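Q: pasting the sequence and the predicted coordinates here, then a few questions.
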Amino acid sequence: MTGKLLLVTILCLMGGSALAADVLEGTYNVTAVCTAVPTGTQLGSIESCQYYYVCQSSGPVNTTCQSGYSYDYKKSSCYPSSQVECYYGVENPCQGLNGTWVPNTSVCGGYYYCDNSVCRSGACPVNQVFDSTTKACKWGSCTTTADGTEGTVLNSLCDVVPPGFYYGDTSNCSTWNYCQSNSSGIFLHTGTCSGKQTTFNVNGKSCDYKSSTDCSRVTGNGMSSAPVSCDTNGAKKADASVCGTYYVCTNKQWVATYCASGYYYDETQEICVLRQTATPIAGCNRCQYASQSFVNAVDSDNCASYYYCNKQGVATSNTCPDDHFFNESVQGCVTSTEEVLAAYVKSNGACKGATVDGSDSTDATEATTVKE
């Protein structure tokens with residue numbers, strides 16, 4: 001089973017394998033993810049379409065679908081293979097396909113263009129991953145770069161965790177994750193608990209009062225949020241999803257570091273800056289630490305992109321009409337003129353570089369979408 005490392009003796013339990021310590025599939029730490037979801041949650045595999053894991057108190061249990069069936073992690077059940085879109089462990093993911101794109105599961109951000117059953121490889125730009133649902137590149141990061149990958153690559157937690165519920169994280173007791181499914185695909189949202197309820201309760205799927213037992217999952221063993229190895233000690237990089245988190249290369253390993261409450265990691269200055277003035281990485285969730293329901297998305301083009309933030313901090317993306325930009329202070333889209341927009345950009349880092357006619361960079365659709 002390529003890429004899988006079983007670090008302890010396998011215990012046989014009634015048709016499944018109960019694995020007592022870290023189970024790794026390429027860059028996917030199955031055991032770590034299991035500690036961050038409620039007991040009984042089923043997780044997909046990134047090595048085979050035929051099996052999945054059931055998270056028990058003793059660890060993940062490997063379970064296999066019956067012959068001719070594949071596991072659909074979105075529905076947490078096995079279905080006839082012809083009804084499941086899965087590419088893990090498949091010898092030729094383009095078999096029988098033409099004029100479409102499928103993921104290259106062994107390369108971070110990799111994909112294949114299917115040309116009459118022949119795979120033509122390609123890769124998304126830096127800081128983007130391939131979304132098999134939309135068949136397009138989107139903002140995100142993998143656990144490792146293509147050069148450092150051994151086996152399969154987990155592009156996103158939402159490739160193995162079913163959508164529709166909140167779950168925790170192994171790096172911080174206050175952090176929660178949520179996989180949101182809509183017509184455009186499945187998107188990972190990350191936030192932190194605040195106020196008096198600063199601890200995320202995994203089994204309760206919500207923020208709760210601080211408890212030592214709730215934090216036992218915080219082991220520092222990463223799930224999928226950042227590259228594992230790095231070359232230059234002291235180097236920094238932003239987290240693709242959480243604006244207030246960044247990574248510092250320490251002893252050749254990326255170590256998660258957190259800005260103080262109300263601060264974001266500014267990519268241009270490489271320091272934590274007050275949320276409103278910071279220019280974080282494009283695509284991170286600016287609902288973090290927001291006090292209002294509508295916030296700017298990072299948009300250096302024309303400042304027209306914004307998010308609606310629900311009470312849990314999950315962001316839903318929106319765009320202002322033509323010739324308008326989003327003004328967070330007035331909570332709405334306003335008419336865009338050079339003078340008005342320039343004044344707004346000065347004190348709102350999310351729109352740094354934005355102009356009425358758009359920046360000189362490549363059109364966002366062309367830059368992030370694999371076109372048919």
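A: Alright, I've got the coordinates. No experiment lies behind these values; they were computed from the predicted model shown.

Q: for the stretch 51-200 of the chain, what spans make up the strands?
A: 51-56, 59-64, 69-72, 77-80, 100-103, 110-115, 118-123, 128-131, 136-139, 166-167, 175-182, 185-192, 199-201 (DSSP state E, counting those that start in this stretch).

Q: do you know which of those strands lies nearest Y344?
A: Closest approach to Y344 among these is made by strand 136-139 (23.0 Å; C-beta to C-beta). C-beta: built from backbone N, CA, C; applies to glycine.

Q: that closest one packs against which elements?
A: Secondary-structure packing of strand 136-139 (3 or more C-beta pairs under 8 Å, 6 or more residues apart in numbering; DSSP states H and E): strand 128-131, helix 364-368.

Q: just name the most buried of the strands of the stretch 51-200 of the chain.
A: Of the strands of the stretch 51-200 of the chain, the one with the most neighbours on average (mean count of other C-beta atoms under 10 Å) is strand 128-131, at a mean of 24.

Q: which other residues reach the longest helix belonging to the chain?
A: Determined from DSSP state H, the single longest helix within the chain is helix 338-347. The contact list for helix 338-347 (C-beta atoms under 8 Å, 6 or more residues apart in numbering) reads 276-277, 302-303, 325, 327, 334, 351-356.

Q: does V33 count as helix, strand or coil?
A: Following DSSP: H, G, I helix; E, B strand; the rest coil, we place V33 in the helix state.

Q: what residues does the residue nearest to it when sequence neighbours are not counted make contact with?
A: Once flanking residues are discounted, V33 sits nearest to M223: 4.9 Å by C-beta to C-beta, 6 or more residues apart in numbering. Contact partners of M223, counting by C-beta under 8 Å, 6+ apart, are N29, A32, V33, A36, L157, D169, T170.

Q: turn those residues into CSV, columns for distance to L97 and neighbour count.
A: CSV is the format used below for these (distance: C-beta to C-beta, whole Å; neighbours: other C-beta atoms under 10 Å):
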residue, distance to L97, neighbour count
N29, 31, 21
A32, 34, 22
V33, 30, 28
A36, 35, 23
L157, 27, 24
D169, 36, 26
T170, 37, 22
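
Q: among the residues you listed, which pair sits farthest apart?
A: Longest distance between any two of the contacts of M223 is 12.0 Å, between N29 and D169; criterion C-beta to C-beta.

Q: if we can go back for a sec, what are the buried residues along the longest helix of the chain?
A: L341, Y344, V345 (16 or more other C-beta atoms under 10 Å).

Q: closest one to Y111 out of these, please.
A: Using C-beta to C-beta, V345 comes nearest to Y111 of the buried residues of helix 338-347, at 34.4 Å.

Q: about what we covered before: do you know how far the residue nearest to V33 is from V23?
A: Distance from M223 to V23, counting by C-beta to C-beta, to the nearest Å: 12 Å.

Q: same question, V160
A: For V160 relative to V23 (C-beta to C-beta), the value is 12 Å.

Q: now Y53
A: Note on Y53: its distance to V23, by C-beta to C-beta, is 8 Å.

Q: tell me the residues that contact both of these two, please.
A: Common neighbours of Y53 and V23 (criterion: C-beta under 8 Å, 6+ apart): V30, P60, N62.

Q: same list (these) but as JSON lines, adding distance to S211.
A: Converted to JSON lines, the shared contacts of Y53 and V23 look like this (distance: C-beta to C-beta, whole Å):
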{"residue": "V30", "distance to S211": "25"}
{"residue": "P60", "distance to S211": "24"}
{"residue": "N62", "distance to S211": "30"}
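
Q: S81 contacts S67, correct?
A: No. With contact defined as C-beta atoms under 8 Å, S81 does not count as touching S67 (9.6 Å).

Q: neighbour-wise, which of these two wins?
A: Legend: neighbour count by other C-beta atoms under 10 Å for S81 and S67, higher for S81 (16 against 7).

Q: how about the nearest residue to the more buried one once chain neighbours are set aside: which residues does it bridge to?
A: What sits nearest to S81 in space, not counting adjacent residues and going by C-beta to C-beta, 6+ apart, is S70, at 4.3 Å. Counting by DSSP bridges, S70 forms beta bridges with Y79.

Q: rewinding a little: what's the least confident stretch among the helices and strands packed on strand 136-139?
A: Note on these: helix 364-368 shows the lowest mean pLDDT, a mean of 35.

Q: tell me where the model's unsure across the stretch 51-200 of the chain.
A: Along the stretch 51-200 of the chain, the model assigns pLDDT under 70 to residues 126-127, 139-151, 184.

Q: what mean pLDDT does stretch 274-282 have?
A: 93.
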